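Trainee: need a structure here:
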Amino acid sequence: MTNNLSESETSLLLDTFMYLNYYDAAEGQKLSDILLDLSHQQDYQRAGAYYEEYAILEAAVAENPGFGELTIGIQSVNMGFDSGTSACLFQEPGAGTIYVVYRGTGDGEWLDNGRGLTMETTIQQERALTYFEQAMEQGGFTEAQRIIITGHSKGGNKAQFVTMESDARYAALIDRCISVDGQGFSNEAVVRWQQGLGVAEYQTRTGKLYGINGENDFISGLGNTIIPREQIRFLHTPVERGNVAGYHDIKYLFASRDGQGAIVFGGASNRVVSGQKEWGRLATELSTRVMAMPLEERAGCAAAIMQIMELGGEQKSGINGEKVTLTDLWHLLMTGLPTVFATLINSTEGEELIDSIIGKGGQNGCVFAVNLSGLLNQAGALMRIAAQLDSVALEVKAVAVQLRTSLQIGVSDNSWLLTTKINRECDRIHNDAAGMNRLAGVLEQAVKIYSFGEQTIASVGEQTIASI
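Mentor: Got it, this is the predicted structure:
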């Protein structure tokens with residue numbers, strides 16, 4: 001049977017398959033037979049851990065039997081790759097289209113995501129490339145076949161990376177890359193490809209890139225997007241109220257509401273919409289500000305944030321031994337968090353998001369409950385610490401002047417170097433204190449805005465927001 005779904009629809013479904021976390025499929029097994037095997041396992045039945053993803057695929061096969069004829073092959077799990085490098089091929093019957101599919105972020109890969117915002121290449125990206133080249137060799141594929149590379153989230157980032165980084169003989173095999181909610185790249189990676197490939201080849205390869213993103217997805221806007229703007233589409237993604245994580249969950253690209261307003265999942269992807277909504281625009285704006293930071297600060301913020309994300313998995317550090325440092329946490333505190341607050345308060349995107357949150361309701365119309373007195377106490381504590389640091393720095397500078405005078409009398413010829421070091425460190429303390437004062441000011445602004453929102457709701461009542 002012929003697969004009557006478009007390449008984009010097929011890619012979305014196969015990307016969803018990767019979240020079944022099923023690694024026991026036989027090489028060459030049909031997708032429809034895999035789903036039949038899974039139907040007897042508890043995790044894929046109603047209320048099971050992967051039921052929604054399974055239901056989407058089951059419905060897609062029922063509506064389009066040709067999709068179920070795709071066969072799985074060259075699975076990374078059978079080739080000695082680590083758990084993060086989860087990939088496989090799906091092939092249409094005969095000499096049909098071949099889909100190379102990468103799974104999204106696996107346990108232990110979050111810190112690698114952070115490095116993807118600061119480094120030319122990362123270990124997990126390079127392993128994804130190794131898998132692709134080995135798969136092409138093992139399958140004996142040529143330009144006679146049509147080869148699509150796809151993936152969701154980190155899988156989409158890997159698919160883009162493979163398209164841009166492959167050796168010329170392998171790059172020529174790639175017809176199209178379809179990235180779903182895939183993260184962008186570091187400034188350094190973009191420069192690497194622009195200079196290393198040359199203008200013509202860079203345009204040729206980026207011309208193969210296509211993006212499919214949820215309208216409120218907050219990952220695809222991270223880093224530098226190299227997918228041509230005209231080749232990016234946004235899909236409607238209805239989620240449960242307060243389920244922010246759902247905006248990046250691939251199954252919500254197949255979600256709709258039933259007659260009672262409950263979320264249900266079907267086999268057809270959602271409609272294309274005109275562009276990003278509040279969460280997506282905010283993430284893009286925040287990323288733009290982070291990517292403009294000096295490299296050390298950007299790396300520290302990215303590492304610290306991704307370490308927080310990693311805590312949700314079983315592996316608490318990076319899959320390759322990456323660990324966050326105290327310096328990384330310091331950069332997050334002094335540069336990252338003020339940038340987040342400033343983006344929320346001083347950007348159009350942040351204002352839109354705050355208005356959206358205030359209007360969508362929870363208790364008193366707000367999704368999040370905020371301890372306003374706690375924020376004010378923290379702001380006050382930051383200002384007190386800043387004042388103490390500044391005071392100590394001034395005292396040390398005064399002593400340094402006396403020290404230099406004493407040393408010049410004949411104790412040492414290194415008086416200038418010693419006092420210069422002292423003054424430099426005092427200046428750093430002064431800058432840190434200034435950063436604390438800025439953060440305190442942003443916290444105070446946040447309290448004012450939140451308080452204003454609550455008062456507005458109390459006076460006019462909860463307003464109706466158009467359904468997303």
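
Trainee: Could you list the low-confidence segments of the stretch 201-350 of the chain?
Mentor: Within the stretch 201-350 of the chain, the segments meeting pLDDT under 70 span 308-317, 341-350.

Trainee: in this protein, which residue is closest to the centre?
Mentor: The centre of the chain sits closest to residue 219, judged by Cα atoms, centre = their mean, with a distance of 3.4 Å.

Trainee: Wasn't it part of a strand?
Mentor: No: with DSSP: H, G, I helix; E, B strand; the rest coil as the criterion, residue 219 is coil rather than part of a strand.

Trainee: How about the contacts made by it?
Mentor: Going by Cβ atoms under 8 Å, 6 or more residues apart in numbering, residue 219 touches 153, 181-183, 248, 283. The C-beta positions use only the backbone N, C-alpha and C, and glycine is treated the same way.

Trainee: next one: residue 187
Mentor: With Cβ under 8 Å, 6+ apart, residue 187 has these contacts: 224, 291.

Trainee: so how far is residue 83 from residue 112?
Mentor: Going from residue 112 to residue 83 by Cβ to Cβ, to the nearest Å gives 13 Å.

Trainee: cool, residue 150 as well?
Mentor: 20 Å.

Trainee: In this structure residue 32 contacts residue 66, no?
Mentor: No: using Cβ atoms under 8 Å as the test, residue 32 is too far from residue 66 to be in contact (9.9 Å).

Trainee: one step back: return the backbone torsion pair for the residue nearest to the centre of the chain.
Mentor: Note on residue 219: backbone dihedrals following degrees, to the nearest 10 are phi -110, psi -40.

Trainee: Repeat that for the one 3 residues further on.
Mentor: Dihedral angles phi and psi of residue 222 (degrees, to the nearest 10) take the values phi -80, psi 140.

Trainee: For the stretch 201-350 of the chain, which segments are assigned as strands?
Mentor: Counting by DSSP state E, counting those that start in this stretch, the stretch 201-350 of the chain has these strands, from start to end: 209-214, 232-235, 255-257, 263-265, 272-273.

Trainee: Compare those and report which one is nearest to residue 48.
Mentor: Smallest distance to residue 48 across the strands of the stretch 201-350 of the chain (Cβ to Cβ): 13.3 Å, for strand 263-265.

Trainee: Who are the packing partners of the closest one?
Mentor: The helices and strands touching strand 263-265, judged by 3 or more Cβ pairs under 8 Å, 6 or more residues apart in numbering; DSSP states H and E, are helix 51-63, strand 255-257.

Trainee: follow-up on the earlier one: among the strands of the stretch 201-350 of the chain, which comes closest to residue 447?
Mentor: Among those, strand 209-214 comes nearest to residue 447, with 31.3 Å by Cβ to Cβ.

Trainee: From the chain's centroid, how far away is the closest one?
Mentor: Strand 209-214 sits 14 Å away from the centroid of its parent chain (Cα atoms, centre = their mean, to the nearest Å).
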